[in-house]
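Asker: coordinates only, sequence not included:
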């Protein structure tokens with residue numbers, strides 16, 4: 001005897017197949033948590049601390065700058081292509097693209113002669 005499938009039977013079979021296929025694919029992948037790196041800098045007495053922070057190579061990351069001075073500063077880097085004012089006693093966050101290994105200079109544009117640092121990417 002020939003079996004006749006209705007459209008609803010075909011739909012259920014297709015839905016079940018897709019569910020199983022997606023379920024197998026999803027569960028076979030290991031759960032990996034990749035938190036973005038955060039590079040924290042403080043600016044006090046017109047000096048960066050740390051003066052040579054580190055960041056991971058080839059991965060996006062965030063630079064967080066806290067200005068503890070009573071005057072504004074301008075976090076700038078030509079090699080990082082960033083320029084942003086940090087209010088007195090304020091904090092900024094900068095989303096950075098993935099960078100190749102290297103050493104990238106940054107400075108306070110208002111006090112460039114005393115306030116500079118180098119981001120070490122490795």
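Answerer: Looks like it came in fine. Everything numeric in this text was worked out from a predicted model, so none of it was measured.

Asker: so how far is residue 85 from the residue nearest the centre of the chain?
Answerer: By C-alpha atoms, centre = their mean, the mean C-alpha position of the chain lies nearest to residue 61, the distance being 2.9 Å. Separation of residue 61 from residue 85 (C-beta to C-beta, to the nearest Å): 21 Å. C-betas here are computed from N, CA, C, even on glycine.

Asker: Same question for residue 93.
Answerer: Note on residue 93: its distance to residue 85, by C-beta to C-beta, is 13 Å.

Asker: Then residue 111?
Answerer: Residue 111 is 13 Å from residue 85, by C-beta to C-beta.

Asker: more neighbours, those two?
Answerer: Just comparing residue 111 and residue 85: by other C-beta atoms under 10 Å the higher neighbour count belongs to residue 111, 17 against 14.

Asker: For the more buried one, give me the backbone phi and psi.
Answerer: Residue 111 has phi and psi values of phi -140, psi 50 when expressed as degrees, to the nearest 10.
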